[in-house]
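**Q** quick one: sequence and predicted model below, then my questions.
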Amino acid sequence: MFRAGDKVVHPMHGAGVIEGIQEKEVLGKKHQYYVMRLPLGELKVMIPMDTAEEVGLRQIVDEDGVRKVMEILKGKTTDMSSNWNRRYRANLEKIRSGDIFEVAQVVKNLAERDKEKGLSTGERRMLESARQILVSELVLARNCTEKEILRELEEYIG
């Protein structure tokens with residue numbers, strides 16, 4: 001269970017801070033929701049407390065996790081299918097997993113592929129989405145600005 005002030009990650013929205021817990025009535029039943037504020041984009045997301053674990057809501061990574069992410073970004077790309085559809089589905093699955101290391105690998109692989117061969121519109125959108133999820137978590141984990149993280153990403157993956 002999370003509390004107000006906890007820094008958490010939603011797999012598809014990125015990282016944010018739990019502002020509190022609200023009770024709402026939906027279809028005649030009362031449910032409790034985490035209210036999460038996403039600093040990038042100033043968005044608020046309400047996540048049902050009873051499904052938060054299934055959704056993949058988790059704490060942000062620690063310092064060791066940040067180091068591992070940076071190693072992934074500096075490292076080599078992993079093998080990807082040459083088939084666009086298979087590659088897209090595999091990358092989408094990695095993003096949906098909520099695992100920051102998988103998301104970092106998607107960002108690394110797609111950025112490198114973009115430099116070498118270019119990306120389709122769908123993969124370009126996926127790269128931007130994955131990059132945003134990654135950046136949002138690194139901003140909170142390192143307690144720094146989006147610009148600082150983007151500058152560092154630019155240095156590692158161009």
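**A** Ah, there it is. Residues are numbered from 1 along each chain as shown.
**Q** what is the burial count for Glu152?
**A** Burial of Glu152 is recorded as 16 neighbouring residues (other C-beta atoms under 10 Å). No exception for glycine: its C-beta is placed from N, CA and C like everyone else's.
**Q** just list the residues touching it, thanks.
**A** Residues near Glu152 by C-beta atoms under 8 Å, 6 or more residues apart in numbering: Met70.
**Q** torsion angles phi and psi at the closest residue to Arg58 other than its chain neighbours?
**A** Spatially, and ignoring its direct neighbours in sequence, Arg58 is nearest to Val9 (5.5 Å; C-beta to C-beta, 6 or more residues apart in numbering). The phi and psi values for Val9, taken as degrees, to the nearest 10, are phi -130, psi 130.
**Q** report pLDDT for Val9.
**A** Per-residue confidence (pLDDT) for Val9: 95.
**Q** pretty sure it sits against Ile18.
**A** No: Val9 is not in contact with Ile18 according to C-beta atoms under 8 Å; the separation is 11.2 Å.
**Q** give the buried residues for the helix ranked longest in the chain.
**A** For the chain, the helix with the greatest residue count under DSSP state H is helix 121-142. Going by neighbour count (16 or more other C-beta atoms under 10 Å), the buried part of helix 121-142 is 123, 126-127, 129-141.
**Q** got it, and stretch 44-63?
**A** Across stretch 44-63, burial judged by 16+ other C-beta under 10 Å covers Val45, Ile47, Met49, Ala52, Leu57, Arg58, Ile60, Val61.
**Q** what is the neighbour count of the closest residue to Leu38 other than its chain neighbours?
**A** Spatial nearest neighbour of Leu38, chain neighbours left out: Gly16 (4.1 Å); criterion: C-beta to C-beta, 6+ apart. By other C-beta under 10 Å, 27 other residues sit near Gly16.
**Q** now do the host helix or strand of Gly16: which elements does it pack against?
**A** If you go by DSSP states H and E, Gly16 is part of strand 14-26. Here strand 14-26 touches strand 7-10, strand 29-38, strand 43-48, helix 121-142, going by 3 or more C-beta pairs under 8 Å, 6 or more residues apart in numbering; DSSP states H and E.
**Q** thinking again about what came up before, avg pLDDT for the very next helix or strand once past the longest helix of the chain?
**A** Proceeding N to C from helix 121-142, the next assigned helix or strand is helix 146-157, under DSSP H and E. On average, the pLDDT along helix 146-157 is 91.
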